[in-house]
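> Structure of the sequence below:
(2 chains)
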Amino acid sequence: MIQVNAIGDACPIPVVKTKNAIKELNGPGVVETAVDNEIAVQNLTKMANQKGYGVKSEKVAEGRYLVTMTVGEAASAPEEPEQETCLVTPESAAARKNVVAISSARMGIGNDDLGGVLMKGFIFALSQQDELPKTILFYNGGATIPCQESPSLEDLKSLAAQGVEILTCGTCLNYYGLTDKLAVGEVTNMYNIVEKLTQADLIVKP
Amino acid sequence: MPGPITFCKGGGCTAKLGAAVLNRVLERLPKGPPDPDLLIGYDSKDDAAVYRLTDDLAYVQTLDFFPPMVDDPYTFGQIAATNALNDIYAMGGEVRTALNIVCFPESMDLNILGEIMRGGSEKVIEAGGVLAGGHSIADSDVKYGLSVTGVVDPHRMYPNNQGRPGDALILTKRLGVGIICTANRVGEASKEALEAAVASMTTLNKYAAEACRSYTVHACTDVTGFGFLGHLHEMMDGRLSCVIDLDHIPYFPQAAAYADEFLLTAAAQRNRNHVGRFVRFENVPFAMEEVLFDPQTSGGLLIALPREEAGSLLTELKNLGLPAEIVGSITERRDPEILVAGTK
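Next comes the predicted model:
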């Protein structure tokens, strides 16, 4: 295995150093690159996926990531660059891709008023957790929650401020006439919703 | 200080903060009472601010500065100034005054600063403006740019988000200067590629903007740090969609080649993280995806205008020697917001 230290290096240096190390391998083997930012991890992962190398990455400490590439026998000509060779191993809880999918303005089936109160309570409690989800998806009736006049707006803004990605279905906002009322997070589409759900480590559906 | 100048830590618009990070901060700023004369502020994420003085006169204000993206100080000065001045043209305005913004290490040779400012001041003159002052700070790294003020008739300014379904989209410069400068930083760019990129980055959008004057421009922006797709996303404004024809995208072939060598910038990845979810690629090679996300320093204008006028404007732009192309068209809103289609 070759270890590459790219701590403190700006893109594209980590990729250049890693490429040189892979050249040095001169065949199958493993290259482990240490970097200090997530963007560098993403750029290294892109390269590995394009080249058909196995790749995994982990956050070993604050501002320190290890990207491990495994160069196989037939790694030179990837015909299917889209193929997921990317095995991101979730080391810390923060790196887990937990997704909360909210499809209604109410929690549970029964009394609607109670359902609304429960949903507000759920989102508040969610914002107080030690382990926050990576993404919250809002669709269908759920799309009203991140909009103006929603009782959960402050909690959602607090979640967003803590780095939680808040995505709301654009078709749904449009359907309910809420497109210009969205007050937190960003608009998304079905491709992205499908991607978030299928790639999640854990899906929470209140 | 090693070498004549420690330029190029990753300069130009690749040094811009990511839009996602920036939005988080901007959203939290206290807002005073709305001023009806502030026609364009940062709510619309436009290229410059526009403030109305009278019914037919508004001033356009912009400020842009960044670290060097090329080794030659004079060229850097030209590029930084061009990039700043171009924001005025993206609004449909005319340049009037400019102020220098300088960060410069005390220990560095002042002749270098002189060269940077000579490059900048030449571009201000070419723009028809007057250099009216400036401000300089002793700093560990070189940064240079301009604060520029222009004027525009509010009825004739170009917002970045008023495109209409059916409009054609024209791009007036080649994409890929960010990748070429990045490749140059690690010694991988050819001399020809760098020269072509520099020629592009020192071209004022003044001439393209003047050509636009006789057409019904609905929306206009200049393609800079957020890359072609980032600025296109802002132009769609959450209510429009568009189809981009990959075969007509003007780009530097060397940039695609360097992207295939993974000479990728952090800023392009940030752009991908920010707008990737709005984009679907069909038959688009990896290298071209990177070119479309590549942050541009002093990029071209992206113009939305009625399809029936597009051919004639394109001819005028080409007659000016610009590598302009009709790159796609705007549609009603649908999913995905931006479809980039190549031929198989």
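> Which stretches in the stretch 101-250 of chain B count as helices?
All helices of the stretch 101-250 of chain B, identified by DSSP state H, counting those that start in this stretch, fall at B:110-126, B:177-185, B:191-201, B:206-212, B:227-236.
> Secondary structure element for B:Tyr51, which one?
strand B:49-54 (DSSP states H and E).
> who touches that strand?
Strand B:49-54 is contacted by residues B:37-42, B:58-62, B:91, B:93, B:152, B:154, B:157 when judged by Cβ atoms under 8 Å, 6 or more residues apart in numbering or on different chains. To be clear about C-beta, it is placed using only N, CA and C from the backbone, and glycine gets the same treatment.
> re earlier: need the winner for burial among the helices of the stretch 101-250 of chain B.
Neighbour counts (mean count of other Cβ atoms under 10 Å in any protein chain shown) averaged over each of the helices of the stretch 101-250 of chain B peak at helix B:177-185, with a mean of 29.
> I'd assumed A:Thr144 was in contact with A:Leu178.
Yes - here A:Leu178 reaches A:Thr144: they are 6.6 Å apart, a contact under Cβ atoms under 8 Å.
> Show me which residues of chain A sit near chain B.
A:10-13, A:15-16, A:19, A:37, A:39-40, A:42-43, A:46-47, A:50, A:81, A:160-161, A:167, A:170-171, A:174, A:179, A:187-192 (Cβ under 8 Å from any Cβ of the partner chain).
> try 6 Å this time
A:10-12, A:15-16, A:39, A:42-43, A:47, A:50, A:188-190, A:192 (Cβ under 6 Å from any Cβ of the partner chain).
> Would you map out the domains in the chain?
Picked chain A for this. Structural domains annotated on chain A: A:2-88, A:98-204, as defined by automatic domain parsing.
> look at chain B instead
Using automatic domain parsing, the domain parsing of chain B gives B:12-156, B:167-341.
> Which stretch among those approaches A:Leu126 most closely?
Distance to A:Leu126, taken as Cβ to Cβ, is lowest for domain B:12-156 among the domains of chain B, at 19.2 Å.
> For A:Gly29, which residues count as its bridge partners?
Beta bridges link A:Gly29 to A:Val71 when assigned by DSSP bridges.
> Do you know the pLDDT at it?
Listed pLDDT for A:Gly29 reads 92.
> again with the one 5 residues further on
According to the prediction, A:Ala34 has pLDDT 95.
> Neighbours of the nearest residue to B:Gly176 once chain neighbours are set aside, how many?
Leaving out its chain neighbours, the residue that sits closest to B:Gly176 by Cβ to Cβ, 6 or more residues apart in numbering or on different chains is B:Ala255, at 2.5 Å. B:Ala255 is flanked by 29 other residues according to other Cβ atoms under 10 Å in any protein chain shown.
> likewise A:Lys134?
For A:Lys134, using other Cβ under 10 Å, the count is 18.
> for chain A, which spans come out with low pLDDT?
The model of chain A has pLDDT under 70 over residues A:73-95.
> Helices of that one, residue ranges please.
Along chain A, the stretches classed as helices by DSSP state H are A:13-25, A:38-51, A:112-127, A:153-161, A:170-175, A:190-198.
> Of all those helices, which one comes closest to B:Ala219?
Using Cβ to Cβ, the nearest of those to B:Ala219 is helix A:170-175, at 20.0 Å.
> which residues touch A:Val60?
Contacts here follow Cβ atoms under 6 Å, 6 or more residues apart in numbering or on different chains; on that basis A:Val60 touches A:Leu66.
> That one and A:Tyr53, how far apart?
20 Å (Cβ to Cβ, to the nearest Å).
> Out of all residues in chain A, which is the farthest from the middle?
In chain A, counting by Cα atoms, centre = their mean, A:Asn111 sits farthest out from the average C-alpha position, at 34.3 Å.
> before we move on, back to that, now, the most widely separated pair of the residues of chain A next to chain B?
Maximum pairwise distance in these, criterion Cβ to Cβ, is 37.8 Å, between A:Val16 and A:Met190.
> Between those two, which is the more surrounded one?
A:Val16 (22 against 13).
> backbone phi and psi for the residue of chain B positioned farthest from its centre, please?
Residue farthest from the centre of chain B, counting by Cα atoms, centre = their mean, is B:Ser107 at 31.9 Å. Main-chain torsions, B:Ser107, degrees, to the nearest 10: phi -80, psi -10.
> Distance check, it against B:Val142.
B:Ser107 is 12 Å from B:Val142, by Cβ to Cβ.
> for A:Leu197, same thing?
As defined by Cβ to Cβ, A:Leu197 lies at a distance of 47 Å from B:Val142.
> who has more neighbours, those two?
B:Val142 (24 against 14).
> Would you mind checking the residues of chain A next to chain B for buried ones?
The neighbour count (16 or more other Cβ atoms under 10 Å in any protein chain shown) marks A:10-12, A:15-16, A:39, A:42-43, A:47, A:50, A:188-189, A:192 as buried among the residues of chain A next to chain B.
> Identify, from the residues you listed, the entry nearest to B:Leu305.
A:Asn189 (26.7 Å).
> Helix, strand or coil: sort out the residue nearest to that closest one when sequence neighbours are not counted for me.
Distances taken as Cβ to Cβ, 6+ apart place B:Asp335 nearest to A:Asn189, at 4.1 Å, with adjacent residues excluded. Under the three-state scheme (DSSP: H, G, I helix; E, B strand; the rest coil), B:Asp335 adopts coil.
> how deep is B:Asp335 tucked in, by neighbour count?
Neighbours of B:Asp335 (other Cβ under 10 Å): 16.
> Same question for B:Gly133.
By other Cβ under 10 Å, the residues close to B:Gly133 number 9.
> Surely it touches B:Ile101?
No - assessed by Cβ atoms under 6 Å, B:Gly133 is found out of contact with B:Ile101, at 10.6 Å.
> what about A:Val67, distance to chain B?
13 Å (Cβ to the nearest Cβ, to the nearest Å).
> Next one, pLDDT for the residue nearest the centre of chain B please.
Nearest to the mean C-alpha position of chain B, by Cα atoms, centre = their mean, lies B:Thr224 at 2.6 Å. B:Thr224 carries a pLDDT value of 91.
> Same check on B:Gly3?
For B:Gly3, the model assigns a pLDDT of 36.
> ok, which stretches of chain B are strands?
For chain B, the strands defined by DSSP state E occupy B:38-40, B:49-54, B:57-66, B:94-104, B:130-138, B:143-152, B:167-171, B:219-222, B:240-245, B:279-282, B:301-306, B:325-332, B:338-341.
> how big is the angle separating the fifth one from helix B:110-126?
The directions of strand B:130-138 and helix B:110-126 differ by 150 degrees, with axes from the mean of the first three to the mean of the last three Cα atoms, to 10 degrees as the criterion.
> residues near B:Gly145, how many?
24.
> who's in contact with it?
Residues near B:Gly145 by Cβ under 6 Å, 6+ apart: B:64-65, B:80, B:84, B:101.
> can you check A:Val30 too?
The neighbours of A:Val30, taking Cβ under 6 Å, 6+ apart as the test, are A:1, A:70.
> Then B:Phe104?
Going by Cβ under 6 Å, 6+ apart, the list of residues near B:Phe104 reads B:113, B:142.
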